[in-house]
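>>> let's see this in three dimensions:
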Amino acid sequence: MITIIGAGPIGCYSAYKLAADGHKVQIYDSKGIIGKPVQCTGLLTSQALKLVHIDKDCILNKIKIARLHAPNGKFIDIDMKKENIVIDRSKFDKNLAELAQSQGVEIFLKHKFESFVKGKAKINNKLIKPEWLIGADGPNSQVAKSSSLFTNRKILVGNQVRAEMKIEDSKIMNIYLGLGCFAWSVPESEKVSRLGVVSYNHNNGLLQRLIRQTNAKILEHQGGLIPLYNPKQKLRNKNVLLIGDAATQVKPTTFGGIVPALLAAKEIDKLENYEKSCNKKVKKDLVLGLKIRKAMDKFNAKDYNELVDIFSKGKPKEIIETYDRDFPSTFILKLMFAKPKLLKFSWKAFWA
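Have a look, this model is predicted:
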């Protein structure tokens with residue numbers, strides 16, 4: 001028996017993969033409803049469509065242009081060659097749960113994982129002895145804590161609202177550079193957008209500034225915790241594995257976790273070789289993303305203004321319009337060669 005803690009999209013997709021490979025799988029989740037509460041922007045690159053089937057009724061909008069705003073008020077439009085999709089996260093999660101169940105996976109809701117001692121998992125005050133225990137239970141993973149896998153990790157806060165606001169074009173998402181670590185307005189329709197800010201603390205003032213700036217009318221508050229990728233994070237201790245947010249498998253640049261975690265889930269059926277196979281697939285780009293994040297954390301307003309100016313034309317603009325942001329290793333050197341001036345920013349990634 002394989003026991004997975006966490007019935008989010010990654011826990012359910014991992015269960016599907018393992019069950020399709022012939023394993024008996026059970027998922028336990030402390031929540032009472034799959035897909036709630038929503039703690040994600042729900043913006044996915046085209047890469048997600050290559051990794052998992054996404055029903056049409058899950059797709060609320062398609063984004064063609066990323067508008068990058070500099071602190072000085074200037075902006076540039078990045079015409080993405082491959083559209084991004086905005087999904088209904090709750091429906092997406094439920095569909096993956098149904099996919100897992102179609103392979104015989106059992107899902108138990110309102111079942112809280114408490115501990116893992118001497119090979120036995122304590123869930124709702126009852127003991128079970130799984131052959132494998134998989135933690136897909138978020139950034140503060142209790143599975144990781146119970147199995148000596150909870151390394152020193154930084155946790156960020158994502159504050160988001162759904163709001164009615166004036167939307168110039170529902171095919172354009174807005175990225176606000178220099179506001180927290182990352183800030184956005186992503187339309188889900190012609191009248192409703194998702195506004196959010198990621199920061200290193202519970203600074204709701206940053207989101208309020210964005211709400212005032214866009215004259216938005218709040219419909220719903222969302223958000224949650226986001227782990228910063230840790231390249232030293234171990235993914236296995238004996239028969240315990242970690243995946244997704246529990247393993248800090250989140251892009252440090254834009255803080256999206258679905259694509260890297262789905263890539264990791266593709267390797268979950270390796271079990272004993274999962275850590276090696278997984279790191280081979282995702283670690284390079286996550287490490288590079290972390291270096292970019294370290295540099296961005298040291299940027300000031302002048303740096304962001306200059307960056308937007310660099311990407312406003314010529315080869316640098318062409319490169320970021322063409323390549324997938326999920327895989328910075330495929331284009332970062334091309335950018336440096338195209339615009340050596342970008343090297344002036346790279347030192348920030350290596351010096352405290």
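>>> all contacts plus neighbour counts: C-alpha atoms, from now on.
Noted.
>>> in whichever helix or strand residue 122 is part of, which residues are buried?
Per DSSP states H and E, residue 122 falls inside strand 120-123. Within strand 120-123, the residues scored as buried using 16 or more other C-alpha atoms under 10 Å are 121-123.
>>> residues touching residue 132, list them.
1-3, 239-241 (C-alpha atoms under 8 Å, 6 or more residues apart in numbering).
>>> which of these count as buried?
Among those, those scoring as buried are 2-3, 240-241 (criterion: 16+ other C-alpha under 10 Å).
>>> rounded mean pLDDT for the lengthiest helix in the chain, please.
Counting residues, the longest helix found in the chain (DSSP state H) is helix 274-296. Helix 274-296 carries an average pLDDT of 94.
>>> that one: how far from the chain's middle?
Distance, stretch centre to chain centre, for helix 274-296: 13 Å (C-alpha atoms, centre = their mean, to the nearest Å).
>>> so what secondary structure elements neighbour it?
Judged by 3 or more C-alpha pairs under 8 Å, 6 or more residues apart in numbering; DSSP states H and E, helix 274-296 is in contact with helix 258-265, helix 343-346.
>>> return the member of those helices having the minimum mean pLDDT.
Among the helices and strands packed on helix 274-296, helix 343-346 carries the lowest mean pLDDT (a mean of 64).
>>> picking that back up, can you show me the CA trace of the strand holding residue 122 as PDB?
Extracted in PDB, the C-alpha atoms of strand 120-123 (Å, rounded to 0.1, in the frame of the first residue of the first chain):
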ATOM      1  CA  LYS A 120       3.700   3.700  11.100                       C
ATOM      2  CA  ALA A 121       1.600   6.700  10.100                       C
ATOM      3  CA  LYS A 122      -0.800   8.100  12.600                       C
ATOM      4  CA  ILE A 123      -3.900   9.400  10.800                       C
END
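>>> contacts for it, please.
So strand 120-123 is contacted by 111-116, 127-130 (C-alpha under 8 Å, 6+ apart).
>>> let's go with 6 Å and repeat that
112-115, 127-129 (C-alpha atoms under 6 Å, 6 or more residues apart in numbering).
>>> closest to residue 97 out of those?
Relative to residue 97, the closest of the contacts of strand 120-123 is residue 112; by C-alpha to C-alpha it sits at 17.8 Å.
>>> wait, what's in contact with the closest residue to that closest one other than its chain neighbours?
Among residues not flanking residue 112 along the chain, residue 30 sits closest, at 4.4 Å (C-alpha to C-alpha, 6 or more residues apart in numbering). By C-alpha under 6 Å, 6+ apart, the contact list for residue 30 reads 109-112.
>>> coming back round to it: ranking the contacts of strand 120-123 by neighbours, who comes first?
With neighbours taken as other C-alpha atoms under 10 Å, the top of the contacts of strand 120-123 is residue 113, carrying 24 neighbours.
>>> phi, psi for that residue please.
Main-chain dihedrals, residue 113, degrees, to the nearest 10: phi -80, psi 130.
>>> who's in contact with it?
With C-alpha under 6 Å, 6+ apart, residue 113 has these contacts: residue 123.
>>> could you redo the last one with a cut-off of 8 Å?
Contacts of residue 113 (C-alpha under 8 Å, 6+ apart): 5, 28-30, 121-124, 142-143.
>>> pipe the residues you listed into CSV and attach pLDDT per row.
Converted to CSV, those look like this (pLDDT from 0 to 100):
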residue, pLDDT
5, 98
28, 98
29, 97
30, 95
121, 96
122, 96
123, 97
124, 95
142, 97
143, 98
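>>> what is the nearest of these to residue 45?
Of the contacts of residue 113, the one sitting nearest to residue 45 (C-alpha to C-alpha) turns out to be residue 5, at 26.5 Å.
>>> how many neighbours does the closest one have?
There are 28 residues near residue 5, going by other C-alpha under 10 Å.
>>> wait, it sits on residue 141?
No - with contact defined as C-alpha atoms under 8 Å, residue 5 does not reach residue 141; the gap is 9.1 Å.
>>> so what sits against both of these two?
Residues touching both residue 5 and residue 141 (C-alpha under 8 Å, 6+ apart) are residue 135.
>>> which pLDDT value goes with the residue minimising distance to the centre of the chain?
Among the residues of the chain, the one closest to the centroid is residue 257, at 1.8 Å (C-alpha atoms, centre = their mean). Per-residue confidence at residue 257 stands at 93 (pLDDT).
>>> that one against residue 244, yeah?
Yes - judged on C-alpha under 8 Å, residue 257 makes contact with residue 244 at a distance of 6.9 Å.
>>> so what sits against both of the two?
residue 250.
>>> got the domain ranges for the protein?
2-292, 299-349 (automatic domain parsing).
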